[in-house]
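Novice: Sequence and predicted model, in that order:
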Amino acid sequence: MARTTRLGIDVGGTFTDLVLHDEARGVTHAGKLLTTPEDPSRAVIDGVGRLLAETGTEITQVQDIVHGTTLVTNTVLERTGAKTGLLTTEGFRDILEMGREIRYDAEDLHARPAPVLVPRRLRYGVPGRITADGTEHSPLDEEAVRKAVRVLVDEDGIAALAVAFLHSYLNPVHERQARDLVHSLVPGLPVTVSCEVAPELGEYERTSTACVNAYVQPAMRGYLSRLERELGRIGFAGRLALMLSSGGLTTVEQAMAFPVRLLESGPAAGAIAAAFLASRAGEPRIVAFDMGGTTAKTCLVEDGRPRLRHEFEAGRVDKFKPGSGLPVRLTVVDLIEIGTGGGSIAVADDLGLLKVGPRSAGSVPGPVAYGRGGTQPTVTDADLLAGYLDAGHFLGGEMPLSLAEAERAVGELGTRLGVSQQAAAAGIHDLVTENMAAAARMHLAEKGRDPRGYTLMAFGGAGPVHAYALARRLKVPRVIVPMGAGVMSAFGFLVAAPRVDEVRGYPVALTRVDWQRVASLYDQMAAHARGVLGRPDVVMTRSADMRYLGQGFEITVPLPDEELSAAREAEIRDTFHRTYQEVFGRTLGDGAPELTSWRLSATGPAAELTLAHHARGGSPHRGRRAVRFPDFGEVAADVYDRSALPPGWACRGPAVFEERETSCAVGPDCRVVVDGQHNLIINIDYGREEVPIR
């Protein structure tokens, strides 16, 4: 039997989303079920079995499964990782606390840094020194390494080890020597060396990245091994791939070795899906809005590509304050994320004011309306009271919601706030919308973008529910809600391309570059990338981190495709000045450019995919119900079955469009049409308000 079926699986904090696609049979089918936090693989296996049964597919027909998980992120956030030790250069034991030697908020006397993952008693400095030019000043003290490892393993009971020595990005010999010693002493102990996980300038950031990778490695190894075993048990013999934070795909082996690179795999998949659909819809400028059960994310997609960056902070103490988290060096989709989702809990704080999130009810116990033991009102409960959700059709009627329980919980919150039940529900909705709008405005403003010149694409289980209100706050003129929006991240796994991102540190002024050395670095990176991807048809793109001499932070600048040599220096300098101007609005005329890190991205071809949506027969109209909208109050809205709407169908708001995994409500000021890709295109009429920029 031919293997033509592919599966995308996204394990989120509340729901596990699945998409099955078979290009040969013209089948696209989605599934959604509650995540099983005690063992996420259980929901995966249950969901796979269900999708196969619903589509008449045998497990032997499945070619590959592409997977993304929040396990790495949750392990860092909840501090549930392995007991980890650190070997570092003698005298630099405290580098994790020293950090950048600045306070991330100089005006907040109570600002506290993110707690380190490796406590001081589990960090050992050992003699041996590589200098800043990569030469060996003094040899590694092997006996000191052996002694430290014996104490860490035998007395402290560590389950993972990070090794981060000074300047190892230039000369990794000491780190690899230490790793070999550890493996000879303690076979099987997971060891992360910083020269492999983040071989670039920045001792603090490189050490932090190595520690995060080591901290989550045992849990990720265990999960992926268990998942492979369970998939094998049900007869899967295809390929299992993992989504990277950059939006690319990698192997299970690479994911086990470098799990830190999966920190933002779910959000990255949503951005990749948005980029794919934006290209199909002919939209060059998109604000991708992904709202699930726990968080909401926004990302810019321009000309069919999401923006990328090469640094990230995990577990921020304050979401909006850079420096308040654990820095990690990895390529990641550039998005902003806030703790606002369908399961976010609404409370009255000590001042009697309404607060929503970041605490979430998750899948256990879930929102009050789920009837699974939740007692605190959530965003989903408020959405149900506002009429955006149908208690009888949630998850296609598979998971009925309790309106009475939601009314009780929101009513009790209203009593604590001194307002009515309806006012409390409206307050939850307004606060959530403003929080998301503020985050989106900040994200766009940092890049010099005006939201009025963009189209909002909404997906995730709760994204379409809140898309209309968010678009009005941002003055966005158009909203797109794709078919299957509730499982769009899982769909993104299927349209992503295999990808490897490599980096090598070599700080040098532009006028002093040893171009033969650069060529050697790129040859090493290209060879490693081809080896990981295991295919010849790979597209390579090069870039470099650059700054003016004397600066402390870099910007990423594209490099010419042609052979790099002194003849290209003027071109590289001009590109750096243009990029610097775009980012900061000015350049330093007399500044001398410096390159710090050299980057290579290797991408294989993405799978060909044709969306296979077919409008089912019958009338799409389900009736009418009362729905409340900001600025319009309670109105009677037509309710439609989204799956029955054919291309070309159109209507005016107010209206509610329901599908199995999500729901979308639009106000009286909207015109809605279904395009040829089965997307809902929602045009908002702002009347005499400020004319949107297009």
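Specialist: Looks like it came in fine.
Novice: Could you find the closest non-adjacent residue to residue 667?
Specialist: Using Cβ to Cβ, 6 or more residues apart in numbering and skipping residues adjacent in sequence, the residue nearest residue 667 is residue 629, 4.4 Å away. Heads up, the C-betas are built off the backbone N, CA and C, glycines and all.
Novice: Backbone dihedrals for the one you found, please?
Specialist: Summarising the backbone geometry of residue 629 under the convention degrees, to the nearest 10, its torsions are phi -120, psi 140.
Novice: now residue 574
Specialist: Dihedral angles phi and psi of residue 574 (degrees, to the nearest 10) take the values phi -60, psi -40.
Novice: Next one: it from residue 541, what distance?
Specialist: Counting by Cβ to Cβ, to the nearest Å, the gap from residue 574 to residue 541 is 19 Å.
Novice: Repeat that for residue 401.
Specialist: With Cβ to Cβ as the criterion, residue 401 and residue 541 are 48 Å apart.
Novice: Name the residue in those two with the higher neighbour count.
Specialist: Set side by side, residue 401 and residue 541 show more neighbours around residue 401, with 23 against 12, by other Cβ atoms under 10 Å.
Novice: Domain boundaries for this protein, per the record?
Specialist: Residue ranges for the domains of the chain, per automatic domain parsing: 80-221, 499-603.
Novice: how far does the helix or strand encompassing residue 28 sit from the chain's center?
Specialist: Using DSSP states H and E, the secondary-structure element containing residue 28 is strand 27-34. With Cα atoms, centre = their mean, to the nearest Å as the basis, strand 27-34 stands 21 Å off its chain's centre.
Novice: show me what contacts the nearest residue to residue 604 once chain neighbours are set aside?
Specialist: In this structure, residue 604 finds its nearest non-sequential neighbour in residue 498, 3.9 Å apart by Cβ to Cβ, 6+ apart. When the contact criterion is Cβ atoms under 8 Å, 6 or more residues apart in numbering, the partners of residue 498 are 241, 248-250, 533, 535, 603-604.
Novice: go on, residue 472?
Specialist: By Cβ under 8 Å, 6+ apart, the contact set of residue 472 is 630-631, 667, 684.
Novice: Work out for me the element it sits within.
Specialist: Assigned by DSSP H and E, residue 472 falls within helix 463-474.
Novice: Next: residue 146.
Specialist: With elements delineated by DSSP H and E, residue 146 resides in helix 142-150, which encompasses its position.
Novice: residues in contact with whichever helix or strand comes after that helix?
Specialist: Downstream of helix 142-150, the first helix or strand assigned by DSSP H and E is strand 160-164. Residues outside strand 160-164 that contact it (Cβ under 8 Å, 6+ apart): 81-88, 118, 149, 152, 175, 178-179, 182, 189-194, 203, 206-207, 210-211, 213-215, 217-218.
Novice: Report the angle between strand 160-164 and helix 142-150.
Specialist: Our comparison of strand 160-164 with helix 142-150, counting by axes from the mean of the first three to the mean of the last three Cα atoms, to 10 degrees, yields an angle of 150 degrees.
Novice: Which residue comes closest to residue 77 once chain neighbours are left out?
Specialist: Computed as Cβ to Cβ, 6+ apart, the closest residue to residue 77 that is not its neighbour in sequence is residue 315, at 5.3 Å.
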